[in-house]
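Peer 1: sequence plus predicted model, see below.
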Amino acid sequence: MLANMGFMGLIVQKFGGTSVANAEKIHRAARRAIRAKMDGHQVVLVVSAMGRTTDDLLRLAGEVSSHPPRREMDMLLTTGEQISIALMAMAINEAEHKAISLTGSQLGLVTDSAHTKARIQRINQERLMAELNDGNIVIVAGFQGTDPAGEITTLGRGASDTTAAALASVLGAAICEIYTDVDGIYTADPRIVPGASKMDQISYDEMLEMAGAGAGVMHSRAIEFAKRYDVPIHVRSSLTDTAGTMIMAETPGMEDISVRGVTLKEDLAVVTLTGVPNRAGIASEIFAEIARHHVLIDDISQTIYEDGRIANISFSTTTAYLPEAQLACDAVETKLGIAGVEIDEGASKVSAVGVGMRSHCGVAAALFEALSAAGINIETISTSEIVIGCIVRKEDGHRALQVAHDAFDLGEPSSP
Ligand code: ADP
Ligand code: ASP
Ligand code: MG
């Protein structure tokens, strides 16, 4: 009698750190959940750690240890969400409504064993449905789970979004609402580009690419879940009732706009293997080793010199993966006779994203021209069907984002 009851069915609401940063904000979020319950929905709440708790815990770990074991990091970081779920349940109880908080382990959210970047494998619905059936608003701790052996894991920074979208997906929710400190998805990070404009809607694919290219407003795996199960995500402000941005399946009109938004990825490192013997199979051996170390790669480029005998192979990755990337490179360096490994942590990538690129010409040219007119050197270019990305110096990043935004007139209302 529960899931898939249409729009008045189940709804998942997620509140980010700033939206539960103090008692007053917790009460405000609680009121919103109660309102949805009173409107006839079954309500699952996902909450993040309060304010900057996760950052504070990370700092504390850094004061105690230079190399905190990842297992213990997970043990530490999950406490942040445990605080906020308990307080949220208390706030709802205080308003005389039924609520119960559940950690990832109590819920039965099972992940793989990759501590600090685990992936969800399955979600046990039994406990959750029983509590909903009992009339509770169920409050789930974001960003955490347990591996099959019962070890506590976390899903990566910002991944409470993914907990929410995954729950909405498996429960067949009518909608997944993401309450945050901006009132929607903007054409660029409004903290960097003050003239950015809010979109009414964006396709799953565009949001997936924007998130992957640095738009920290949504965790990209959340979008993967939502797309696979076709659950619309409504990103909106926790402070107002105004409509935010719908992340949804592509509609025909969306291709009319060539570029939907621009993003900046700042925590980027470029690793270059120099003097690589250029023979068949070498790239496969290098990247197999990198994959064995679970390093997520952004882009790869290769240049060949000395009449094709030697190559330089570069890849970019987020700085969080650098320790593992370094280990992988050290392992292949002597084994494959590679001359050296250079790591550049001073790179950023500016990207333009839009499904309209499939049918509009000149998008790359416009981006390159804008960067060139601003005197910004492009170090590497990468493209896919709906993204063009340029690696630039970190110090040029903010200016690059601004000029890219201007180049596509994104300050004007842009949604179809
Ligand atoms: P929460 O704690 O609610 O999860 P986040 O800090 O993770 O919030 O995400 C919200 C922030 O994302 C905003 O304050 C904004 O600065 C940033 N952001 C980056 N890119 C965008 C974008 N394209 N549109 C809106 N916000 C963006
Ligand atoms: N508290 C976690 C973080 O800050 C998860 C989240 O907020 O989404 O990364
Ligand atoms: Mg977030």
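Peer 2: Cool, got the structure. Residues are numbered from 1 along each chain as shown. Ligands and ions are numbered 1, 2, ... in the order given.
Peer 1: the protein against ligand 2: which residues are in contact?
Peer 2: Applying C-beta under 6 Å from any ligand atom, we find that the chain lies next to ligand 2 at 16-17, 48-49, 54, 80, 142-143, 157-160. For the C-beta atoms, the positions are set from N, CA and C on the backbone; glycine is no exception.
Peer 1: quick check, pLDDT for the closest residue to A165 other than its chain neighbours.
Peer 2: Excluding the flanking residues, the one nearest A165 by C-beta to C-beta, 6 or more residues apart in numbering is A222, at 3.8 Å. pLDDT for A222: 98.
Peer 1: can you check F7 too?
Peer 2: 45.
Peer 1: try the one 5 residues further on
Peer 2: Each residue has a pLDDT score; the one for V12 is 98.
Peer 1: let me see the contact set for it.
Peer 2: With contact taken as C-beta atoms under 8 Å, 6 or more residues apart in numbering, V12 is in contact with 43-46, 164-165, 167-168, 171, 173, 175-177.
Peer 1: a markdown table for those residues, including distance to C329 and neighbour count?
Peer 2: Below are these laid out as a markdown table (distance: C-beta to C-beta, whole Å; neighbours: other C-beta atoms under 10 Å):
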| residue | distance to C329 | neighbour count |
| --- | --- | --- |
| V43 | 48 | 25 |
| V44 | 43 | 28 |
| L45 | 43 | 31 |
| V46 | 38 | 29 |
| A164 | 36 | 34 |
| A165 | 34 | 32 |
| L167 | 38 | 28 |
| A168 | 39 | 28 |
| L171 | 43 | 25 |
| A173 | 43 | 27 |
| I175 | 44 | 18 |
| C176 | 39 | 29 |
| E177 | 43 | 24 |
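Peer 1: out of the residues you listed, who's nearest ligand 3?
Peer 2: Proximity of those to ligand 3 was ranked by C-beta to the ion; the top entry is A164 with 10.3 Å.
Peer 1: what helix or strand is the closest one located in?
Peer 2: Assessed by DSSP states H and E, A164 sits inside helix 160-171.
Peer 1: which regions of this structure lie under the pLDDT threshold?
Peer 2: Applying pLDDT under 70 to the chain flags the ranges 1-8, 412-416.
Peer 1: residue of it nearest ligand 1, please.
Peer 2: In the chain, the residue found nearest to ligand 1 is G16; the distance is 1.8 Å by C-beta to the nearest ligand atom.
Peer 1: where's that residue relative to A404, distance?
Peer 2: 26 Å (C-beta to C-beta, to the nearest Å).
Peer 1: so those two - more neighbours on which side?
Peer 2: Legend: neighbour count by other C-beta atoms under 10 Å for G16 and A404, higher for A404 (28 against 24).
Peer 1: so what's the more buried one up against?
Peer 2: 188, 262, 350, 352, 367, 370-371.
Peer 1: which of the residues you listed fall in strands?
Peer 2: The strands in this structure, assigned by DSSP state E, contain 262, 350, 352 from the contacts of A404.
Peer 1: does the last one touch A365 like I think?
Peer 2: No. In this structure, A352 is not within contact of A365 by C-beta atoms under 8 Å, at 11.6 Å.
Peer 1: of those two, which one has the most company?
Peer 2: Taking other C-beta under 10 Å, A352 and A365 do not tie; A352 has more neighbours (30 against 10).
Peer 1: which residues does the more buried one bridge with?
Peer 2: V262, I388 (DSSP bridges).
Peer 1: how many neighbours does the residue in the stretch 201-350 of the chain positioned nearest to ligand 2 have?
Peer 2: Residue nearest to ligand 2 within the stretch 201-350 of the chain (C-beta to the nearest ligand atom): H219, separated by 6.7 Å. Neighbourhood size, H219 [other C-beta under 10 Å]: 24.
Peer 1: contacting residues around it?
Peer 2: 156, 158-162, 211.
Peer 1: and the furthest pair within those?
Peer 2: Using C-beta to C-beta, the contacts of H219 span at most 13.9 Å, a distance reached by S160 and A211.
Peer 1: what about the residue of the chain positioned farthest from its centre, which helix or strand?
Peer 2: In the chain, counting by C-alpha atoms, centre = their mean, D307 sits farthest out from the average C-alpha position, at 42.1 Å. D307 is part of no helix or strand, with elements assigned from DSSP H and E.
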